[in-house]
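**Student:** sequence and predicted structure are below.
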Amino acid sequence: MDSADLLIIGGTLVTMDANSRVLEDGAIAISEGSIVAIGARSHIESQYHALKTIDATGSLVLPGLINGHAHAAMSLFRGFADDHTLDDWLQKYIFPAEAQNVTEDFVEWGTRLSIVEMIRGGITTYADMYYFEDAVARVTKEAGMRGILGETIVDFPAPDHRTPAAALEYAQRFINKWRDDPLITPAVAPHSIYTLSEANLQAACALARRNGVPILIHIAEAPFETAHSRSRHGLSPVAYLQRIGLLGPDVVGAHCVWVDSADIAALGHFDVGSVHNPSSNMKLAAGVMPVVDMLAAGNRLGLATDGAASNNSQDLFDEMDLAAKLQKVARMDPRALPAKQALEMATIRGAHALHMEKEIGSLEDGKRADLILVDTTGPHATPMYNVYSQLVYALKGSDVKTVVIDGKLVMENRRLLTLNEKEIIQKAHQYQKKVVALHSVPAMSSPERFL
């Protein structure tokens, strides 16, 4: 018999592979962080013995969920400024609050809080855009989580750097430090077309491409951004980014709500990954991403929670459910975005959006061993006729009981193994008191300052 580090036996394997295989009473063998065999339980057990075996009976076993866009440290601003338009939320509340509160320590503990929530909800990979991203990487690595982590570049003084030039220098050091890490993919994150000049957008893009790392950016999120772009450039946000040479197969664009057929074609032509954030877009009344049209065009399309300050949850099970229902009601068609496609957006399509489909997103031989066990014994999960419908419309993040990332257990039977949850929550309460003490955050002198 061959040796393995970990065996997952029993349960129903929802592979999300090209053939959409669902294996009853299946098993997975894991060695050195990779899946080395997947198939019927009887076959795998006859071929492998392992240091540890997990019985998945009563569970669905599926690829770890992929959160394609987040601002992890903003969990400490959860509920801070709700029920505002996006431009007011950013410029009158969030940007000033960040200037007064965000430090490297704030980012460390806010990221830890988010990672607790994400792991508990079955997320094994996330893409992040924030400040002090070296601290984000350190905390993510300590937690054993996979991250595509982008240092944010903006034109105005940010919590970690006073100038875009200083932020770009930091980004280069960040890339140098983390470029060969098995869990961390460093990235550059020019915030948006309305917070950066054309020169600085191009400088951030050039830095990323010199280093061969991803570019994370907000694209066409809200009406004010589109109005700004058409007024200033005579183009849609996507067309403007195309004109200045930013679009490419290394780009992951968050939101992509206000896109027309020409924009969708351009995103597809340049192989851009686009990421849907249904809860955040609904809560900020930013609009509805044309998911069905983008899928029909063959675009790379993932799913995300966005930050906890605008969501206010980081439960990707909720996002799957809302994504499917939002497309149905927006198009007045119950057949729009069926459950299986919504689950694909959180798994294999999400991996495509991040250009990581060769490594993660499905349960297949040779891929990294990122997987979750989801309990199906609760009353809300009974009976089960269709695994995709059950996962999207019935099950919750709280049903996740075991999480494996890169072949290592990070949560087993709902017990976190790499994070001190009690300490993290205590720290979050301490930061809440600090934020409350500064709650009368002055609005910026002009809402048009960065437009």
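**Tutor:** Sure thing, it's come through. Residues are numbered from 1 along each chain as shown.
**Student:** in the strand or helix carrying A227, what counts as buried?
**Tutor:** Taking DSSP states H and E as the criterion, A227 maps to helix 223-233. Of the residues in helix 223-233, P223, F224, E225, T226, H228, S229, H233 count as buried by neighbour count, 16 or more other CB atoms under 10 Å. (Glycine included, C-beta is placed from N, CA and C.)
**Student:** centre of the chain to that helix, how far?
**Tutor:** 26 Å (CA atoms, centre = their mean, to the nearest Å).
**Student:** please apply the same query to stretch 83-102.
**Tutor:** 21 Å.
**Student:** could you dump it to CSV, C-alpha only?
**Tutor:** The C-alpha trace of stretch 83-102 is given here as CSV (Å, rounded to 0.1, in the frame of the first residue of the first chain):
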residue,chain,number,x,y,z
ASP,A,83,-27.1,52.7,4.8
HIS,A,84,-25.1,55.2,2.7
THR,A,85,-24.4,55.6,-1.0
LEU,A,86,-21.0,54.1,-2.0
ASP,A,87,-19.4,57.5,-2.7
ASP,A,88,-20.6,59.0,0.6
TRP,A,89,-19.7,55.7,2.5
LEU,A,90,-16.2,55.9,1.1
GLN,A,91,-15.4,59.6,1.2
LYS,A,92,-17.3,60.8,4.2
TYR,A,93,-16.9,57.8,6.5
ILE,A,94,-14.5,55.0,5.5
PHE,A,95,-11.5,57.0,4.2
PRO,A,96,-11.5,59.4,7.2
ALA,A,97,-12.1,56.5,9.7
GLU,A,98,-9.1,54.6,8.1
ALA,A,99,-6.9,57.7,8.5
GLN,A,100,-7.7,57.9,12.2
ASN,A,101,-7.7,54.2,13.1
VAL,A,102,-5.7,52.0,10.7
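**Student:** buried ones in it?
**Tutor:** Of all the residues in stretch 83-102, those buried under the rule 16+ other CB under 10 Å are 84-87, 89-98, 101-102.
**Student:** how far away is K325 from G234?
**Tutor:** 36 Å (CB to CB, to the nearest Å).
**Student:** just E117 next, same as before
**Tutor:** 42 Å.
**Student:** among the buried residues of stretch 83-102, which ones are in helices?
**Tutor:** Per DSSP state H, helices hold the following members of the buried residues of stretch 83-102: L86, D87, F95, P96, A97, E98, N101.
**Student:** dump those to TSV, plus pLDDT.
**Tutor:** What follows is these, written out as TSV (pLDDT from 0 to 100):
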residue	pLDDT
L86	81
D87	81
F95	84
P96	83
A97	83
E98	85
N101	85
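**Student:** nearest to L303, of these?
**Tutor:** Distance to L303 across these (CB to CB) is lowest for L86, with 19.5 Å.
**Student:** so who does that closest one touch?
**Tutor:** Residues near L86 by CB atoms under 8 Å, 6 or more residues apart in numbering: E221, A222, F224, L284, A285, A286.
**Student:** between the ones in helices among the buried residues of stretch 83-102, which sits nearest I217?
**Tutor:** Nearest to I217, judged by CB to CB, of those is L86 at 15.6 Å.
**Student:** assign a three-state SS to I115, would you?
**Tutor:** helix (DSSP: H, G, I helix; E, B strand; the rest coil).
**Student:** surely it meets A70?
**Tutor:** No - I115 lies out of contact with A70 (CB atoms under 8 Å); the separation is 10.0 Å.
**Student:** among the contacts of L86, who's most crowded?
**Tutor:** Highest neighbour count within the contacts of L86: E221, with 26 neighbours (other CB atoms under 10 Å).
**Student:** what helix or strand does it sit in?
**Tutor:** Assigning secondary structure by DSSP H and E places E221 outside every helix and strand.
**Student:** residues contacting it?
**Tutor:** L86, S192, A254, H255, V257, W258, N281, A286.
**Student:** any chance of a markdown table for the residues you listed, columns secondary structure and distance to A199?
**Tutor:** Shown next, in a markdown table, are these (DSSP: H, G, I helix; E, B strand; the rest coil; distance: CB to CB, whole Å):
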| residue | secondary structure | distance to A199 |
| --- | --- | --- |
| L86 | helix | 25 |
| S192 | coil | 15 |
| A254 | strand | 22 |
| H255 | strand | 24 |
| V257 | coil | 26 |
| W258 | coil | 24 |
| N281 | helix | 29 |
| A286 | coil | 27 |
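**Student:** among those, which two are most distant?
**Tutor:** Farthest-apart pair in the contacts of E221 is S192 and N281; separation 14.7 Å (CB to CB).
**Student:** would TSV of the buried residues of helix 223-233 with distance to D271 and pLDDT be doable?
**Tutor:** Compiled in TSV, the buried residues of helix 223-233 are given as follows (distance: CB to CB, whole Å; pLDDT from 0 to 100):
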residue	distance to D271	pLDDT
P223	27	93
F224	28	91
E225	23	94
T226	23	95
H228	26	92
S229	22	97
H233	23	96
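**Student:** closest to K52 among the residues you listed?
**Tutor:** Distance ranking of these against K52, using CB to CB, places E225 first at 49.2 Å.
**Student:** isn't that closest one up against I193?
**Tutor:** Yes - E225 is within contact range of I193, at 6.9 Å (criterion: CB under 8 Å).
**Student:** hmm, who's touching the helix holding A227?
**Tutor:** 85-87, 192-194, 220, 235-237, 240, 243, 258, 286-287, 451.
**Student:** repeat that with 6 Å
**Tutor:** Helix 223-233 has contacts (CB atoms under 6 Å, 6 or more residues apart in numbering) with D87, Y194, P237, Y240, W258, L451.
**Student:** what is the burial count for the fifth one?
**Tutor:** Meaning W258. So W258, with other CB under 10 Å, has 24 neighbours.
**Student:** identify the residues contacting it.
**Tutor:** A220, T226.
**Student:** at 7 Å instead, please
**Tutor:** Residues near W258 by CB atoms under 7 Å, 6 or more residues apart in numbering: A220, P223, T226, G287.
**Student:** for C205, see how far away it is.
**Tutor:** Counting by CB to CB, the gap from W258 to C205 is 21 Å.
**Student:** switch the contacts of W258 over to a markdown table; also include distance to I8.
**Tutor:** Output for the contacts of W258, formatted as a markdown table (distance: CB to CB, whole Å):
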| residue | distance to I8 |
| --- | --- |
| A220 | 41 |
| P223 | 47 |
| T226 | 46 |
| G287 | 41 |
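**Student:** among those residues, which one sits closest to G11?
**Tutor:** Nearest to G11 among the contacts of W258, with distances taken as CB to CB, is G287, at 39.1 Å.
**Student:** tell me how far that closest one lies from R300.
**Tutor:** Distance check for G287 against R300: by CB to CB, it reads 20 Å.
**Student:** for L241, same thing?
**Tutor:** Applying CB to CB, the value for L241 to R300 is 16 Å.
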